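A.B. asks: Need a 3D model of the sequence below.
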Amino acid sequence: MTDVMQQEYVNLLQIANVLSEKYGFSERVIHDFADYVNEEIWLFNYDDPHFQCIRVTSRPESLFKDEDKRRIDLLLKFIELERKKTLSFLDIHTGRNEHKEEEESYPSLYLHFNGYHDGYDVNAFYPEIYHCIEYFEDEDATKMISALTEKFMKQDKKRRKVLPLHKKIPYPITLTIIILCCLVYLVYAILARKYADSAVYVFLGADYKTFTLGLRQFYRLLTCGFVHGSLLHLLSNMYSLYIVGSYLETRLGKARYLFALFVSMLVASLSQGILSSNTITIGMSGGIYGLMMIFLLDLIHLKLINPQSLVPLVLINLFINFLSTTAVIAHLGGLVTGVVLYFVYFTKDKAGTIFLLAVLLLSLIYRYGRINLIEPIYAGTDMEVVRITYDLGFKDYSLQLSKRLSEVYLRYGGLK
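C.D. replies: Residues are numbered from 1 along each chain as shown. Below you'll find the model as predicted:
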């Protein structure tokens, strides 16, 4: 690092320290811009009345203006979608490069190496910035950088510690669902050592007509999403849910996000139940497909991605759907629901799409409720479920369950 670069980097850290200490700004790690970690620091204070986002950089604007503008525009768009508010942005340059004020893309402040500042006047807002620049002998640069970095990190860490717990946990709904799915899988892994997999799935809440329709346990249309059959199945679904859910939880809000997930899961389960034989359905992929459609359509609408870049994702999912154990019909039900919900959430004329969603749900529920035959009957699996409930101490319920299953066989199984 040259002497000039050392001086500029020290100035950068000095400004970051005063913004953190005096004005309550905190650093936010921008993973996409990790290559510039030694050239810029992004600071945020969403409660600041003047500038909620400040970038302090030693990158020469004259060399990187177009590249920086694209990056800043993209970052601000994502943060504004997440926060649901428009951010006021200030760009602070510590380099000594000349600039033309009329060509500035954003409100900017230039703190030059030779000791003067120009550009956007923020003296009324952050006067300490103008007085924080200190100069030093070249041989002291390494010590100053180390000391300023340590001080800045301590301030930022201290500020994060005093945040309320609910603000420390990002995406609480998504993470809660992931934790629940992991806990259910842990119970499955324990029970599967002694009992058949299919019986354990049903016991934990899988969608299975004999129980869902025959025993009127309609909650299974949703609980089946929390049951997974293998570690790979769990990890792939939870990874997808985190990627898509972390975006939509902030984009839609917690209530609308949960509604979208549960409606997608419900339609996926109903579709699978109506259009397939008596199969055991587990996994959250139907609901995730619904969320994925909302996610992708929103990114395309905002012009944040090119539709052509989605081709590999589509091909991968088509390949997955050709696997013998995949509930293709459930995935299609989730996809259709996601498209409908996107228009419900993001179009002004909501009456038509809400009506379409209501008709879709009511028609599926009506058709599902009129099924008068369950085939094939898996009596062995059903008795294994009864045995699990008995062995776990629910003896009275297991006896009642056995009796009710016999009635189901007579009513829906076509038995004489």
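A.B. asks: Please count neighbours and contacts with C-alpha atoms only from this point.
C.D. replies: Will do.
A.B. asks: can you list the domain ranges for the protein.
C.D. replies: 3-168, 172-411 (automatic domain parsing).
A.B. asks: Which stretch among the ones you listed is buried most, on average?
C.D. replies: Of all the domains of the chain, domain 172-411 has the most neighbours on average by mean count of other C-alpha atoms under 10 Å, namely a mean of 18.
A.B. asks: now the end-to-end length of that one.
C.D. replies: Terminal residues of domain 172-411 lie 44 Å apart, using C-alpha to C-alpha, to the nearest Å.
A.B. asks: Flag the shaky bits of the stretch 151-300 of the chain, pLDDT-wise.
C.D. replies: 152-153, 155-169 (pLDDT under 70).
A.B. asks: quick one: the helices in it?
C.D. replies: 165-168, 172-191, 197-204, 209-212, 220-223, 231-252, 254-275, 285-301 (DSSP state H, counting those that start in this stretch).
A.B. asks: Between those helices, which one is closest to Asp382.
C.D. replies: Among the helices of the stretch 151-300 of the chain, the nearest to Asp382 by C-alpha to C-alpha is helix 197-204 (7.0 Å).
A.B. asks: on that earlier part again, need the helices of the stretch 151-300 of the chain in TSV with distance to Lys395, can you?
C.D. replies: Listed next are those as TSV, based on distance: least, C-alpha to C-alpha, whole Å:
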stretch	distance to Lys395
helix 165-168	41
helix 172-191	17
helix 197-204	14
helix 209-212	18
helix 220-223	22
helix 231-252	31
helix 254-275	30
helix 285-301	34
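A.B. asks: out of these, which comes closest to Arg367?
C.D. replies: With C-alpha to C-alpha as the measure, helix 254-275 is the member of these nearest Arg367 (7.3 Å).
A.B. asks: by contact count, what packs against the closest one?
C.D. replies: For helix 254-275, the packing partners by 3 or more C-alpha pairs under 8 Å, 6 or more residues apart in numbering; DSSP states H and E come out as helix 220-223, helix 231-252, helix 285-301, helix 328-346, helix 351-369.
A.B. asks: Contacts for it, please.
C.D. replies: Here helix 254-275 makes contact (C-alpha atoms under 8 Å, 6 or more residues apart in numbering) with 173, 207, 209, 221-222, 225, 245, 248-249, 279, 281, 284, 286-291, 327, 329-335, 337-338, 341, 361, 364-365, 367-368.
A.B. asks: okay, the angle between it and helix 231-252?
C.D. replies: Calculated by axes from the mean of the first three to the mean of the last three C-alpha atoms, to 10 degrees, helix 254-275 forms an angle of 130 degrees with helix 231-252.
A.B. asks: Could you export helix 254-275 as CSV, CA atoms only?
C.D. replies: Provided in CSV are the C-alpha atoms of helix 254-275 (Å, rounded to 0.1, in the frame of the first residue of the first chain):
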residue,chain,number,x,y,z
LYS,A,254,-45.0,-11.4,7.9
ALA,A,255,-48.8,-11.8,7.6
ARG,A,256,-48.9,-11.9,3.7
TYR,A,257,-45.8,-14.0,3.6
LEU,A,258,-47.3,-16.7,5.9
PHE,A,259,-50.6,-16.5,3.9
ALA,A,260,-48.8,-17.1,0.6
LEU,A,261,-46.9,-20.1,2.0
PHE,A,262,-49.8,-21.8,3.7
VAL,A,263,-52.2,-21.2,0.7
SER,A,264,-49.6,-22.6,-1.7
MET,A,265,-49.1,-25.6,0.6
LEU,A,266,-52.9,-26.1,0.9
VAL,A,267,-53.5,-26.0,-2.9
ALA,A,268,-50.5,-28.3,-3.5
SER,A,269,-51.8,-30.9,-1.0
LEU,A,270,-55.4,-30.7,-2.4
SER,A,271,-54.1,-31.1,-6.0
GLN,A,272,-52.0,-34.1,-5.1
GLY,A,273,-55.0,-35.6,-3.1
ILE,A,274,-57.5,-35.2,-5.9
LEU,A,275,-55.4,-36.2,-8.9
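A.B. asks: How far away from the center of its chain is it?
C.D. replies: Its chain's C-alpha centre and that of helix 254-275 lie 18 Å apart, by C-alpha atoms, centre = their mean, to the nearest Å.
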